[in-house]
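>>> sequence first, then the predicted structure:
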Amino acid sequence: MRRRCAAAFGPDNVWNFEVGEKARAFDSWLTINSDFYYIKWNDVQETLLLACGSQYNANAGSGRSFGPEVEVTAKLSPEWTMSMSASYTDAKITNPSAQFIGNVVGSSAAARPLAIA
């Protein structure tokens with residue numbers, strides 16, 4: 001059975017929501033920057049792989065990504081500064097396109113239920 005691919009893919013669009021705080025304390029010897037973000041991504045563009053090994057671009061569906069970020073900088077002395085940062089990202093394709101499901105799961109994906117995030 002021969003599978004066909006879409007010859008073209010459409011544009012994606014992104015809505016990014018972010019809230020954060022930048023603070024300095026102790027005469028600027030301590031700086032804390034933090035934020036939380038949420039990204040809603042429609043028509044995610046993905047590079048998919050054919051069985052023959054060739055790649056092609058397609059719209060994978062809709063997705064979302066969210067997480068916090070924090071940076072802390074402490075001036076330990078006039079000569080020494082310590083910086084730390086951390087972040088966490090939870091990203092998922094929430095509503096996959098049929099083309100994406102067929103490529104990732106296989107051509108029999110339409111015959112069985114699939115739960116993706």
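Yep, it's here.
>>> per-residue pLDDT, the closest residue to Trp15 other than its chain neighbours?
Using C-beta to C-beta, 6 or more residues apart in numbering and skipping residues adjacent in sequence, the residue nearest Trp15 is Lys40, 4.5 Å away. Any C-beta I mention is one placed from the backbone N, CA and C, and that applies to glycine too. Here, the pLDDT recorded for Lys40 equals 94.
>>> then Asp43?
At Asp43, pLDDT is 88.
>>> so the residue nearest to Trp15 sits right up against Phe66, yeah?
No. When contacts are counted by C-beta atoms under 8 Å, Lys40 is not listed as touching Phe66 (9.5 Å).
>>> the protein: helices as residue ranges?
98-105 (DSSP state H).
>>> any weak-confidence spans in it?
Residues of the chain that meet the criterion pLDDT under 70 lie in 1-7, 102-117.
>>> please enumerate the strands of it.
Using DSSP state E, the strands of the chain run over 13-25, 30-49, 55-75, 81-87, 90-96.
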